[in-house]
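Asks: Sequence and predicted structure below; questions after.
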Amino acid sequence: MKAFLILEDGHVFTGTSIGADREVISEIVFNTSMTGYLEILTDPSYAGQAVVMTYPLIGNYGICYEDMESLKPWPDGYIVRELSRLPSNFRSEDSIQHFLEKHNIPGIAGIDTRALTKILREKGTMNGMITTNANYNIEEILPRLKSYTTGKVVEKVTCADKETLSGEGYKVALMDFGAKRNIARCLNERGCEVTIYPARTKAEQIIADAPDGIMLSNGPGDPKECREIIDEIKKLYQSDIPIFAICLGHQLMALANGADTHKMKYGHRGANHPVKDLDSGRVYISSQNHGYVVDAGAMDPNVAVPAFVNVNDGTNEGLKYIGKNIFTVQFHPEASPGPQDSNTLFDRFISMMEVAKNA
Ligand SMILES: NC(=O)CC[C@H](N)C(=O)O
């Protein structure tokens, strides 16, 4: 069956329908990772977006449930050059076509994803529609595309109830704004007892549970939509409990401390983004997925200073807070998918908890 991808600027791509046969409007973003399509599909930070994979063949090693980064896939739509017809992998339990159908996610294949990505890169991220209706009325659709916003998506992806993964080491409170599983896994592997809290949990409750450290997770949407969460983070900041934050968590901690964030032209989504650690001068190749960024220049240097910078475009990739046991990063040290260069940041967090405990 034919499918159409209609962009906000009037471009139309014609391809084949994949996944569910359903019309969807979403924000179209591209990811340049060459592997890890399942981790990307199940990363809750993609809620409210449709993902274009720039790698031309997707699905060839099938679906291995163990590799999922959350309970289900989150993108509104999926856009690929070619979907593998015959996955081949001894671990594979499903095909991507069936997986998308099962989770009611529509998509389009057989389009020139390179041309599409060039448009998004030059004009910036845009909204679009995926439809199988050949009689679409572009005049009627374009205003609908222009008015689409992802809205308050954190509440859709956060867990319903608190959950604890046992461990003999430090007690970590993980705020779930749409956390990738590997964050909890990285802490648990280092012996931590990880308690995952729903995003709406009050700071008083977290502090009363007396964790040794607090982890603020990644998550979808515009950080400025998370006003109530930012208010709670202000109280966590005051608590003196060591805090490590990733991606959305990093943006929210910055907003809680008077910084500003803005939407990037086309974001960073891929598995080979170089980030420089300003203390050591070392460059890590990092996994990334974000459309917003902290304006570090506008941050009061008495409150926080840049700790990491993106080597490609100079944007902020991390902050360390002055006089506080707090550091935050825009990239993904938990990887999944992507290189594990910066995995050692979890060890840094463990050391921070150790120092704070023995102080
Ligand atoms: N992965 C994330 O946490 C993304 C943060 C935020 N939603 C952004 O797009 O910038």
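Replies: Here it is on my side, so go on.

Asks: so where is the stretch 251-359 of the chain shaky, pLDDT-wise?
Replies: Counting by pLDDT under 70, the stretch 251-359 of the chain contains no low-confidence segment.

Asks: Residues of it that sit close to the ligand?
Replies: Residues of the stretch 251-359 of the chain lying near the ligand by CB under 6 Å from any ligand atom: 289-292. Yep, even glycine has a C-beta here, placed from its N, CA and C like the rest.

Asks: Any of the residues you listed buried? List them.
Replies: Using 16 or more other CB atoms under 10 Å as the burial test, those include 289-292 as buried.

Asks: Using TSV, lay out these together with secondary structure.
Replies: Listed next are these as TSV, based on DSSP: H, G, I helix; E, B strand; the rest coil:
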residue	secondary structure
Asn289	strand
His290	strand
Gly291	strand
Tyr292	strand
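
Asks: any idea how far Arg85 is from His98?
Replies: 12 Å (CB to CB, to the nearest Å).

Asks: Kindly report the same for Ala160.
Replies: In this view, Ala160 and Arg85 are 37 Å apart by CB to CB.

Asks: With Thr113 instead?
Replies: Per CB to CB, Thr113 is found 18 Å from Arg85.

Asks: ok, now Lys320?
Replies: For Lys320 relative to Arg85 (CB to CB), the value is 49 Å.

Asks: Could you list the domains of this protein?
Replies: Following automatic domain parsing, one finds the domains of the chain at 2-147, 154-358.

Asks: Who has more neighbours out of Lys320 and Arg85?
Replies: More neighbours surround Lys320 than the other of Lys320 and Arg85, with 17 against 9 (other CB atoms under 10 Å).

Asks: Next, the more buried one: secondary structure please.
Replies: Secondary structure, three-state DSSP: Lys320 is strand.

Asks: Who are the contact partners of it?
Replies: 304-305, 307, 326-328 (CB atoms under 8 Å, 6 or more residues apart in numbering).

Asks: now the helices for the chain?
Replies: 37-41, 96-102, 113-123, 138-147, 154-157, 181-189, 203-208, 227-238, 248-256, 344-358 (DSSP state H).

Asks: Which secondary structure elements does the last one sit against?
Replies: In terms of contacts (3 or more CB pairs under 8 Å, 6 or more residues apart in numbering; DSSP states H and E), helix 344-358 is packed against helix 181-189, strand 213-216, strand 243-246, strand 326-329.

Asks: Dump these into CSV; add mean neighbour count as well.
Replies: CSV is the format used below for the helices and strands packed on helix 344-358 (neighbours: other CB atoms under 10 Å):
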stretch, mean neighbour count
helix 181-189, 20
strand 213-216, 27
strand 243-246, 26
strand 326-329, 24
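
Asks: Mind putting the ones you listed into TSV with distance to Thr315?
Replies: As requested, those are exported to TSV (distance: least, CB to CB, whole Å):
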stretch	distance to Thr315
helix 181-189	22
strand 213-216	19
strand 243-246	16
strand 326-329	12
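
Asks: Now do the buried residues in the longest strand along the chain.
Replies: In the chain, taking DSSP state E as the definition, the longest strand is strand 261-277. Using 16+ other CB under 10 Å as the test for burial, strand 261-277 gives 261, 266-271, 273, 275-277.

Asks: first to last residue in stretch 160-172, what's the distance?
Replies: End-to-end distance for stretch 160-172: 18 Å, by CA to CA, to the nearest Å.
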